[in-house]
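Asks: just to be clear, the model below is a prediction. Sequence and coordinates:
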Amino acid sequence: MKPGYYGNWGGAFVPEILHETFRQLNAFFTEAQADPAFWRQYVDLMGSYSCRPTPLTLAENLTRRFGGASIYIKREDLNHTGAHKANNVMGQGLLVQRMGKRRVIAETGAGQHGVATATMAAKFGFECTIYMGEEDVQRQRPNVFWMEKLGATVVPVTSGSRTLKDAINEAFRDWVANMDSTHYVMGTVCGPHPFPAMVAWFQKIIGEEAKEQILAAHGRLPARVYACVGGGSNAMGIFQGFLADEEVELVGVEAGGEGLTSGRHASRLAAIPTTADTDGIPDATPGVAQGYKTMFLQDDDGQMKDTHSVAAGLDYIGVSPMLADLWERGRVRMTAATDTEVMEALQLAMASEGIIPALESAHAFVQAFKEAGELSPESAIIINQSGRGDKDIFTIAHAFKDPSWREFIRAKGEEYGKEPVS
Amino acid sequence: MSLTQQIRQAKADREILLMTHLVLGYPSFAVNREVIARMVAAGVEIIELQIPFSEPVADGPVILRANQEAIDRGVRVRQCLEFAAEMTAEHQIPFLFMTYYNILFKYGVEDFLAQARKVGVRGLIIPDLPPEEGEEYLAACRKHELAPIQIFAPTSSDERMAKLAGHGDGFIYCVARRGVTGAQTSFDREFDDYIARCRRATDLPLAVGFGISNRADVEMLKGKAEIAVIGSATIRLVEEHGPAAVTEFMEGLR
């Protein structure tokens, strides 16, 4: 198989101008991977800076409620900056140091990857520019605020659908112009080789810890592991700990948006082969865009479609080539959760366990809640809580139609309306 | 006659050839039709027809917007093929398709190239398809006698250029500088060294693109390249002054 391919998926479809940059990146990555000191440096950094190992929490109330498998939650929300994104960016930060570059750029959907990258840049002393779809800038203002305060320049992307895919294109354009000084910190296990391999390598720390922790806490492997899937980095992170354990079922949960037949969702693999759009073809089909081959939400001409999810971080046209391969081989089962189901699961997780999953992570909770009761009480399942929900306060409060929150925002608006910003 | 031979023959009468670019269906096929007629009448030797794609990663803001607006207006790949057939029947200069790989991949690479040949297009520029990923494409181009135009960049090593040249036909598209389409390019000593490296790597004619927007730019390329590529500049011109402005602009370029 060609390097960078996972079954039928992956590859490096990059413009010639970036060929040399990718060659160098590949060389540095391969060298770092072969250097045990590099991985030790990474683990030490994550321990001292990012609360690793993150705990595996037994959700006792939820377990009692569903009456089946013991529900464990892998707490990636407790990473510094509030999501698993920290694992990847700190790893790439160490690589950037090794490469001797001084500037980093990134794209971000929900903003978590942007905040994590801006944080990493501040710590390592890199200059930092973050590309973010204009629509996501509006949805995720708190994260934009933090990125700017951390010293990054946030560039709202007004092209296309003004979401993650467009931010990725803009980041590539910047990189093409500034490749000597700049590293593109890809946020997920997508894009041209070696990005999927590199991001998956840093994220495998989640699965390695989780396996050790569940064996210690429960004495056996989990029956199932649930993770939400946008690009797929938290899923690949935790799944890698259990890939070789065939008895562990791996379940990915995509964004079902307003439903798989609504045309307003971001499910690539879960929507196949059950749904077809108005053209009579499945919503997602094999394609090549943004530098790699995978299943894309596209029309029959090969134009990418608009996607929708209440969770900005899952609102993406493609999916990791690694997950496409695992799905095709039957190793990962793909499902989808709707926006409505996500809000219900979020509320239940908050009220039962006192934890606030990110809207993205709440997708994994939906599927786990649907299935926990059908498993035996001796078994265990793990939900990967990829991030915390604080960032989503505006979206969540809006979805819950919370009256006192609305009043608070209205009053704040009036207050700001009266005082000129000085 | 092969595309390479045709370029060499045209070059015998001219100090430099002009290749222009437009995005199909932007702002409309009717405007495309008029712009192309004016370009041909003004003596343009080769025209690149870009089939719009939703993720044109190698293009700058002007062409990006043109791609998106064309798609938003409902332009389909089938219409682009039909329009190309009309143009090649009407005008006696070589036309090329420029697009991204997914358009071919989704259509079926073999089918698309058979169709491209049928509509009379002479070659293709696919910026996101390096030869390492393009085995099927390169084989089908050979089969259908289409020129798979390869791209050199200032960052390409001598070894890389030699490899690319081995897969190319028609001419080599030399990206004048780092960055995407549509921004200024400076022609300095470094540029001359780059062109000299391109020349050493291939016997094919050289086309230089990215940032060529006026007579002075074209003048600078005389004696260095066979073809000057005018891309974003024409789109901007048509947007600002309408298709009628194309004649004077093209005639004034050399």
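Replies: Alright, I've got the coordinates.
Asks: what's around residue A:78, how many residues?
Replies: 19 (other Cβ atoms under 10 Å in any protein chain shown). C-beta here means a position set from N, CA and C on the backbone, and glycine is covered the same way.
Asks: residues in contact with it?
Replies: A:51, A:54, A:55, A:388 (Cβ atoms under 8 Å, 6 or more residues apart in numbering or on different chains).
Asks: skipping its backbone neighbours, what lies nearest the last one in space?
Replies: Read it as residue A:388. With sequence-adjacent residues excluded and distances taken as Cβ to Cβ, 6 or more residues apart in numbering or on different chains, residue A:388 is closest to residue A:77, at 3.6 Å.
Asks: need the nearest residue in space to the residue in the stretch 101-250 of chain B that chain A sits nearest to, chain neighbours excluded.
Replies: Nearest to chain A in the stretch 101-250 of chain B, going by Cβ to the nearest Cβ, is residue B:106, at a distance of 3.3 Å. Excluding its sequence neighbours, the residue lying closest to residue B:106 (Cβ to Cβ, 6+ apart) is residue A:302, at 3.3 Å.
Asks: the one you found against residue B:53, yeah?
Replies: Yes - assessed by Cβ atoms under 8 Å, residue A:302 is found in contact with residue B:53 at 7.2 Å.
Asks: would you mark the buried spots in stretch A:67-82?
Replies: Buried positions in stretch A:67-82, judged by neighbour count with 16 or more other Cβ atoms under 10 Å in any protein chain shown: A:68-82.
Asks: how about stretch B:106-116?
Replies: Within stretch B:106-116, the residues that qualify as buried are B:106, B:107, B:109, B:112, B:113, B:115, B:116, counting by 16+ other Cβ under 10 Å.
Asks: list the residues that contact residue 122.
Replies: In the absence of a named chain, this looks at chain A. Contacts of residue A:122 (Cβ under 8 Å, 6+ apart): A:128, A:150, A:151.
Asks: actually it's chain B I care about, not the one you picked
Replies: Residue B:122 neighbours (Cβ under 8 Å, 6+ apart): B:3, B:94, B:95, B:96, B:146, B:147, B:170.
Asks: residue A:153 too?
Replies: Residue A:153 neighbours (Cβ under 8 Å, 6+ apart): A:128, A:129, A:130.
Asks: apply 6 Å and report the result again.
Replies: By Cβ atoms under 6 Å, 6 or more residues apart in numbering or on different chains, the contact list for residue A:153 reads residue A:129.
Asks: show me what it bridges to in the sheet.
Replies: Legend: beta-bridge partners of residue A:153 under DSSP bridges are residue A:129.
Asks: which SS class is the closest residue to chain B within the stretch 251-400 of chain A?
Replies: Residue nearest to chain B within the stretch 251-400 of chain A: residue A:302 (3.3 Å; Cβ to the nearest Cβ). Here residue A:302 is coil, with the state taken from DSSP: H, G, I helix; E, B strand; the rest coil.
Asks: quick one, strands of chain A?
Replies: Secondary structure of chain A (DSSP state E): strands located at A:5-6, A:9-10, A:56-58, A:70-75, A:103-108, A:127-133, A:153-157, A:182-184, A:224-228, A:249-257, A:284-289, A:292-297, A:332-338, A:380-385.
Asks: which element is the residue most central in space within chain B on?
Replies: Geometric centre of chain B, nearest residue: residue B:48, 4.1 Å, by Cα atoms, centre = their mean. Per DSSP states H and E: residue B:48 is located in strand B:46-50.
Asks: got the angle between the very next helix or strand once past that strand and strand B:46-50?
Replies: Note on strand B:46-50: by DSSP H and E, the next helix or strand toward the C-terminus is helix B:61-72. Here helix B:61-72 runs at an angle of 60 degrees relative to strand B:46-50 (axes from the mean of the first three to the mean of the last three Cα atoms, to 10 degrees).
Asks: quick one: list the elements packing against helix B:61-72.
Replies: Helices and strands in packing contact with helix B:61-72 are listed as strand B:17-23, helix B:232-241; criterion 3 or more Cβ pairs under 6 Å, 6 or more residues apart in numbering or on different chains; DSSP states H and E.
Asks: starting at the chain centroid, how far to the shortest one?
Replies: In terms of Cα atoms, centre = their mean, to the nearest Å, the gap separating the centre of strand B:17-23 from the centre of its chain is 6 Å.
Asks: by contact count, what packs against it?
Replies: strand B:46-50, helix B:61-72, strand B:227-230.
Asks: rank the ones you listed by mean pLDDT and give me the bottom one.
Replies: Looking at these, the lowest mean pLDDT belongs to helix B:61-72 (a mean of 93).
Asks: returning to that earlier point: how much space between the residue nearest to the centre of chain B and residue B:168?
Replies: Between residue B:48 and residue B:168 the computed distance is 16 Å (Cβ to Cβ, to the nearest Å).
Asks: before we move on, the earlier item: okay, and the common contacts of residue A:302 and residue B:53?
Replies: residue B:103.
Asks: quick one: low-confidence parts of the chain?
Replies: Went with chain A since none was named. Applying pLDDT under 70 to chain A picks out residues A:273-281, A:420-422.
Asks: was after chain B, sorry
Replies: B:179-187.
Asks: need the outlier residue of it, farthest from its centre.
Replies: residue B:189 (25.2 Å).
Asks: show me the contacts for that residue.
Replies: Contacts of residue B:189 by Cβ under 6 Å, 6+ apart: none found.
Asks: got it, and residue A:238?
Replies: Residue A:238 neighbours (Cβ under 6 Å, 6+ apart): A:206, A:207, A:210, A:225, A:227, A:384.
Asks: which of these lies closest to chain B?
Replies: residue A:227 (26.3 Å).
Asks: now that closest one: how far from residue A:73?
Replies: For residue A:227 relative to residue A:73 (Cβ to Cβ), the value is 11 Å.
Asks: next one: residue B:43
Replies: Using Cβ to Cβ, we find residue B:43 at a distance of 70 Å from residue A:73.
Asks: quick one, strands of the stretch 101-250 of chain B?
Replies: With DSSP state E, counting those that start in this stretch, the ranges of strands along the stretch 101-250 of chain B come out as B:123-125, B:147-152, B:172-175, B:206-209, B:227-230.
Asks: pick the most deeply packed of those.
Replies: Compared across the strands of the stretch 101-250 of chain B, strand B:172-175 shows the largest average neighbour count, a mean of 27 (mean count of other Cβ atoms under 10 Å in any protein chain shown).
Asks: rewinding a little: could the strands of chain A go into CSV alongside distance to residue B:252?
Replies: CSV is the format used below for the strands of chain A (distance: least, Cβ to Cβ, whole Å):
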stretch, distance to residue B:252
strand A:5-6, 50
strand A:9-10, 48
strand A:56-58, 71
strand A:70-75, 66
strand A:103-108, 39
strand A:127-133, 38
strand A:153-157, 36
strand A:182-184, 38
strand A:224-228, 57
strand A:249-257, 52
strand A:284-289, 38
strand A:292-297, 43
strand A:332-338, 57
strand A:380-385, 62
